[in-house]
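A.B. asks: With the sequence up front, the predicted model follows.
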Amino acid sequence: MKCLILAAGYATRLYPLTENFPKPLLEVGEKTILDWLVDDIDTSGEVDEYVVISNHKYAHHFEEWAAKKAQKITVVDDGTDTNETRLGAVKDIQFAIEKLGLDDDMLVIAGDNVLDFSLTKFIAYAKEKNTSCIMRYYEPEFTKLLKCGVVTVDETDKVLDMTEKSPTPATNWCCPPFYFYSKADARLVQKGIDSGCGTDAPGSYIAWLCKQTQVHSMEMPGSRYDIGNLESYEKVKAEYKGIN
C-alpha cells in the first residue's frame, strides 16, 4: 500500500507563519503534524512508501524532513508556485500516480490535520470491507456542513451519495480528508477528472467514484483538529494530548 499525503496547499490563512514554510511541518507538541501522521500509520505495517505531494515553493522543506525519517518517503513537486496556480487535490493525486507510476492500494490523506485516534483503525476497516472507503463524523452545525463534503450512507455503511460544499447538505455526516482507494479505483482517477469531477477538494473524486462502484464509510472513532488559522493553531498546541 502507498500513502499519498496531500501537502501542496499554501495555507494562506496562517500567514505570516506559513508564508515561507509548509503547514504540515508545523510542530504540535514534540512532533510536526506530519510526524504524528506518518509515525502512526507506519505502525500498521501496511504502507511500503509515503508520497508527499508538495508545491514547488515548499518542496525543499519536505525533502529535508524526509531525509531524517526512517520510512521510505518520496517528495513529489507539482511545479506550482502560488495559491492561484495550484493544481487542486485530485489533479495532484493523479500527477503523483503518473510521475511515479503508482499502481497499488492507496491511503490518501491531508497532511495538515491532527488526530487523537489511530488511522490504523481505518486501514483495518478498509481491508475488511475490501472496497474504497472514507470516514465520516456527525456535524451538528449547518454553517460547517456548507464547507465540507457531506455523505449519505445506508445501514451497511455503503456510501449512496456525496457532495462537496453543497448549499443544501443532505445529511449531517461530514467527510474528513482521509480516504482509501483500492488498486482498481486508484486507476480511475484520471477517468474521474475526464468525466468532470471537481478537482480542488479531494472528496470530489469520491463523490464521482461512489456512483461508479461500492464505497464504504467508517464512522470516525475520535476527533480531528483542523488548523485553519493562527488562533486554532495556538489552541491545538495548548490542548493536544496525542493519539489515544
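C.D. replies: All right, it came through fine.

A.B. asks: pLDDT at L188, what is it?
C.D. replies: Predicted confidence (pLDDT) for L188: 97.

A.B. asks: I'd like to know how far it sits from L107.
C.D. replies: Look at L188 and L107: by Cβ to Cβ, to the nearest Å, they are 17 Å apart. Any C-beta I mention is one placed from the backbone N, CA and C, and that applies to glycine too.

A.B. asks: in this structure, what spans have low per-residue confidence?
C.D. replies: Low-confidence regions of the chain, defined here as pLDDT under 70, do not occur.

A.B. asks: quick one on the thing from earlier: between L188 and L107, which is the more surrounded one?
C.D. replies: L107 (23 against 19; other Cβ atoms under 10 Å).

A.B. asks: Go ahead and confirm that one touches C3.
C.D. replies: Yes - if you go by Cβ atoms under 8 Å, L107 and C3 touch, sitting 4.5 Å apart.

A.B. asks: what do those two both touch?
C.D. replies: Each of I41, V47 lies in contact with both L107 and C3 under the rule Cβ atoms under 8 Å, 6 or more residues apart in numbering.

A.B. asks: so where do the helices sit in the protein?
C.D. replies: 33-42, 59-66, 89-100, 120-129, 142-145, 183-186, 189-194, 203-209, 230-239 (DSSP state H).

A.B. asks: For P221, find the nearest of these.
C.D. replies: Between P221 and the helices of the chain, the tightest spacing by Cβ to Cβ is seen for helix 120-129, at 5.6 Å.

A.B. asks: Helix 33-42 and the closest one, what's the angle between them?
C.D. replies: Going by axes from the mean of the first three to the mean of the last three Cα atoms, to 10 degrees, helix 120-129 is angled at 40 degrees with respect to helix 33-42.

A.B. asks: Could you name the helices and strands sitting against helix 120-129?
C.D. replies: Helix 120-129 makes packing contacts with helix 33-42, strand 132-138, strand 178-181, strand 215-219 when contacts are defined by 3 or more Cβ pairs under 8 Å, 6 or more residues apart in numbering; DSSP states H and E.

A.B. asks: In JSON lines: these, plus distance to N20 and mean neighbour count.
C.D. replies: Below are those laid out as JSON lines (distance: least, Cβ to Cβ, whole Å; neighbours: other Cβ atoms under 10 Å):
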{"stretch": "helix 33-42", "distance to N20": "17", "mean neighbour count": "21"}
{"stretch": "strand 132-138", "distance to N20": "32", "mean neighbour count": "22"}
{"stretch": "strand 178-181", "distance to N20": "28", "mean neighbour count": "26"}
{"stretch": "strand 215-219", "distance to N20": "37", "mean neighbour count": "21"}
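
A.B. asks: Ok, which of the ones you listed comes nearest G101?
C.D. replies: strand 178-181 (15.8 Å).

A.B. asks: just checking, what packs against that closest one?
C.D. replies: Counting contacts by 3+ Cβ pairs under 8 Å, 6+ apart, strand 178-181 packs against strand 106-110, helix 120-129, strand 132-138, helix 203-209.

A.B. asks: chain center to that strand, what's the gap?
C.D. replies: 8 Å (Cα atoms, centre = their mean, to the nearest Å).

A.B. asks: Check which strands are paired with that strand and give the direction for each one.
C.D. replies: Here strand 178-181 has these sheet partners by DSSP bridges: strand 106-110 (antiparallel), strand 132-138 (antiparallel).

A.B. asks: Compile the helices and strands packed on strand 178-181 into CSV and extend it with columns for distance to E27.
C.D. replies: Formatted as CSV, the helices and strands packed on strand 178-181 follow (distance: least, Cβ to Cβ, whole Å):
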stretch, distance to E27
strand 106-110, 18
helix 120-129, 23
strand 132-138, 25
helix 203-209, 28
